[in-house]
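Got a predicted structure here, sequence first:
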Amino acid sequence: MKQIFKKIKETLEASDKIDLVIENEYPKTHFKCELYAYKKGWNLFLPYQDHLFFHNIDTSQENNRLEFISKLHNKARQEIDLLFKVPKIFIISVANISSIFISQKPFSAEEIKLSQENTRTLTGGEFHSIFLIDLQSKTIHCQGKSFTQIEGIKHHFKKVDPQNRSYYLITKIFENITKESSIK
């Protein structure tokens, strides 16, 4: 798994304007991840922040992986919420929080369902998503791309929509870590 995280780190470092922190620990929320990546940017007139939390789910001692995935993702959201001093509805800089769980074992149907849930809210201020990367079957589970209806035509914005920004970056990482046939 060390090779996998090394490839993830290399892919992120090759991406534009991404800051990395390895084995980041957050004492306020009692939360830890194997790799954390952060990116700030602008879309049209609004600033955004992308926060990516990478986890090796196979190292977990938890019996209930579904609960553990949900708990870690919510801890990541809490940690990012602490960065903002105003309620989410008033936040201009939208936080895009992605939790990426990597496993050598298949994910359960319930875990996959959790990763595919629509997480858009009316209050705004945050977008969050869960990505599950199954190295054994070389599959990725997530919400997928977000499409916008423009005059009857479905269109997806690759960089404006936070769901799509995460989707394209994580699928790029996924392709880099699964392109070799002998992943261990």
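Received the coordinates, thanks. Since the structure is predicted, the reported quantities are computational estimates derived from the model, not experimental observations. Numbering: from 1, shown residues only.

rest of the way, CA atoms for contacts and neighbours
Noted.

Residue 51 pairs with what?
Legend: beta-bridge partners of residue 51 under DSSP bridges are residue 38, residue 97.

which ones are touching it?
Residues in contact with residue 51 (Cα atoms under 8 Å, 6 or more residues apart in numbering) are 36-39, 95-98.

of all those, which two lie farthest apart?
36 and 95 (14.4 Å; Cα to Cα).

Who has more neighbours out of the two?
residue 95 (25 against 21; other Cα atoms under 10 Å).

Can you tell me which helices and strands the helix or strand that one falls within packs against?
Taking DSSP states H and E as the criterion, residue 95 maps to strand 94-103. Under the contact definition 3 or more Cα pairs under 8 Å, 6 or more residues apart in numbering; DSSP states H and E, strand 94-103 sits against strand 46-56, helix 65-81, strand 126-134, helix 162-178.

State the mean pLDDT of whatever helix or strand comes next after the shortest one.
Per DSSP H and E, the first helix or strand lying C-terminal to strand 126-134 is strand 139-141. Mean pLDDT, taken over the full extent of strand 139-141, equals 92.

List the pairing partners of strand 139-141 within its sheet, with orientation.
When DSSP bridges is applied, strand 139-141 pairs with strand 126-134 (antiparallel).

Measure how the partner strand sits relative to strand 94-103, angle-wise.
Angle of strand 126-134 versus strand 94-103, following axes from the mean of the first three to the mean of the last three Cα atoms, to 10 degrees, is 10 degrees.

Strand 126-134 to helix 162-178, inter-axis angle?
Using the same axes, to 10 degrees: strand 126-134 against helix 162-178 is 20 degrees.

now the helices and strands packed on strand 94-103 as JSON lines including distance to residue 106?
Output for the helices and strands packed on strand 94-103, formatted as JSON lines (distance: least, Cα to Cα, whole Å):
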{"stretch": "strand 46-56", "distance to residue 106": "13"}
{"stretch": "helix 65-81", "distance to residue 106": "11"}
{"stretch": "strand 126-134", "distance to residue 106": "6"}
{"stretch": "helix 162-178", "distance to residue 106": "15"}
